[in-house]
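> Fold the following.
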Amino acid sequence: MSPLSRRFEPLTVYLHKRVLVLLALGFSSGLPLMLVFGTLSAWLREAGIERATIGFLSWVTLAYSIKFLWAPLVDRLPIPLLSRMLGRRRAWLLAAQLMLIAGLAGMSVTDPISNLVALVGFALMVAFASATQDIVVDAFRIEAAPEKMQAALAAAYQMGYRLAMILSSAGALAIAAWADPDPSVYRVEAWHTAYLVMAAAMSIGLITTLLASEPEVDRKQASDIQAEARERLSHLPAPLGRFLAWGHSAVVAPFQDFFQRYGKQAMLILALIACYRISDVVMGVMANVFYIDMGFSKAEIATVSKVFGVLMTLVGAALGGALVFRFGTMPILFLGAALVAGTNLLFALQAYVGYNLTLLVFAISADNLSAGIATSAFIAYLSSLVNTAYSATQYALLSSMMLLFPKFVAGFSGYVVDQVGYIWFFIAASLLGVPVLFLIQQLRKQNADGHKQEKAGHNFQSTRAE
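Numbers count the residues shown, from 1 in each chain. Predicted coordinates:
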């Protein structure tokens, strides 16, 4: 092999079948999110729905934040017939994707003006199915390849996810704009066309699920834990004992392991996870509404916010990964949180200036670059917390917690804008990021103290040995 070939040999991992499968599954996971979040907010605002209502309706995405509640079921229960035909992971993937297509198709034939309740119902269906798909894809990614390939799988997944976000945000807005030649008049048919195209795009994930092979997983540890619990409960009636033993191994053991490993520090860690993205999420609910209220057209929003913005997120993610590799996770976790909170002030400036496309480009570029850096550091931090013995359930718990509180607070964003205006809203969103910096510093201090104690103990043992 020539020196040049050896130099590029690591890149060949991205041609591996499993990596390409994760690229497509990442696309399938990334497509639904914006369709029940930012894109839906733009549709509702153009339809004349009040900002406060739009803010409250963002709570449909809380499904992503509470997915840990049913993650153990997805992780351990087979689907009759489908699991026998496809395997446990692919069966759940197929079921979630079929539900997603049905939900998006339902949204594509519903008018929020005449039947807002039905539209919200279909949006809830999409959010629940999408959160379920995320649980399965995370487990599939962890189980699909050895540890040395996980970085490539994660990179492919993120690329597919971001490409899908471009399609479901900028693409959906562009399709709606194309189907509505007169932007001054609201035509529900334009949005119906956009959502029907998005439902069809879900076929990429569906086809991938059918063509992929089921991961081979050694479930001995989970079986052993269940067997031990069953033995302890042998005094109970057999059906009840089996049910409680299953519940212990599927639900209790993963959470018990987390608190045993981190002890008193666990609550501080969970507080950081729950608050880390609050500044970003609270601002994000009103982003498209803000752009429309500032007078930007759907085409401008699609070009600047959804295409260029997502690309800058990818640049930020790559930069964040390099910074984490060079300086470690916690310093970049702090940097990312500070940047995300600070860039919200640019939108306060935008609200003060009004319509200004140049300022919008700069604000969105800075905001998405900061979000990319913060996300890279945060994913690295979450991954470091997970015990591989319970990776699916623990990752579902942690990734759910990172959005639960922020999305709840974000539900009041429209009401806050109505009360204080956009300028003070963005200033408040920025200030919400300050407690996050304090939590990171506390964790860094505790980790440093722990290392000192460990080193002191090691030195003491060495002295005694001498």
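
> Burial check on the closest residue to residue 62 other than its chain neighbours, number of neighbours?
Closest residue to residue 62 apart from its sequence neighbours, by Cβ to Cβ, 6 or more residues apart in numbering: residue 407 at 5.3 Å. In this view, the C-beta of every residue, glycine as well, is placed from N, C-alpha and C. Neighbour count for residue 407, taken as other Cβ atoms under 10 Å: 25.

> just residue 290 next, same as before
21.

> wait, doesn't it sit right on residue 421?
No. In this structure, residue 290 is not within contact of residue 421 by Cβ atoms under 8 Å, at 10.9 Å.

> Common neighbours of the two, please.
Here residue 290 and residue 421 have residue 351 as joint contacts, going by Cβ atoms under 8 Å, 6 or more residues apart in numbering.

> thinking again about what came up before, contact partners for the residue nearest to residue 62?
58, 59, 61, 62, 64, 65, 281.

> Let's check: the centremost residue of this structure is which one?
residue 399 (6.9 Å; Cα atoms, centre = their mean).

> Just the C-alphas of the host helix or strand of it, formatted as CSV.
Counting by DSSP states H and E, the element that carries residue 399 is helix 391-410. As requested, the backbone C-alpha atoms of helix 391-410 are provided in CSV (Å, rounded to 0.1, in the frame of the first residue of the first chain):
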residue,chain,number,x,y,z
SER,A,391,-26.8,2.3,26.9
ALA,A,392,-30.2,2.4,25.2
THR,A,393,-32.3,3.2,28.3
GLN,A,394,-29.7,5.5,30.0
TYR,A,395,-29.1,7.4,26.8
ALA,A,396,-32.9,7.8,26.3
LEU,A,397,-33.2,9.1,29.9
LEU,A,398,-30.4,11.6,29.6
SER,A,399,-31.4,12.8,26.1
SER,A,400,-35.0,13.2,27.2
MET,A,401,-34.0,15.2,30.3
MET,A,402,-32.0,17.7,28.3
LEU,A,403,-35.2,18.9,26.6
LEU,A,404,-38.0,18.4,29.2
PHE,A,405,-37.5,21.5,31.3
PRO,A,406,-36.4,23.8,28.4
LYS,A,407,-39.4,22.8,26.3
PHE,A,408,-41.8,23.3,29.2
VAL,A,409,-40.4,26.8,29.8
ALA,A,410,-40.5,27.5,26.0
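
> For that helix, which residues meet the burial criterion?
Buried residues in helix 391-410, counted by 16 or more other Cβ atoms under 10 Å: 391-407, 409-410.

> Next, the buried residues of the next helix or strand after it.
Going down the chain from helix 391-410, the next helix or strand is helix 413-431, by DSSP H and E. Of all the residues in helix 413-431, those buried under the rule 16+ other Cβ under 10 Å are 413, 414, 416, 417, 422, 423, 425, 426, 428, 429, 430.

> if we can go back for a sec, out of the contacts of residue 407, which are inside helices?
residue 281 (DSSP state H).

> Next step: the contacts of residue 407 restricted to strands.
Among the contacts of residue 407, DSSP state E puts none in strands.

> Tell me which of the contacts of residue 407 has the lowest pLDDT.
Of all the contacts of residue 407, residue 65 carries the smallest pLDDT score, 78.

> Report the spatially closest residue to that residue, excluding sequence-adjacent ones.
That would be residue 404: by Cβ to Cβ, 6+ apart, it lies 3.6 Å from residue 65.

> And residue 208, by the same measure?
residue 24 (4.0 Å).

> Contact partners for that neighbour?
160, 204, 205, 207, 208.

> Would you confirm that the second one contacts residue 29?
Just to be clear, that refers to residue 204. No. If you go by Cβ under 8 Å, residue 204 and residue 29 don't touch, sitting 11.0 Å apart.

> Looking at the two now, which is surrounded by more residues?
Each of residue 204 and residue 29 has its neighbours counted (other Cβ under 10 Å); residue 29 has more, 24 against 18.
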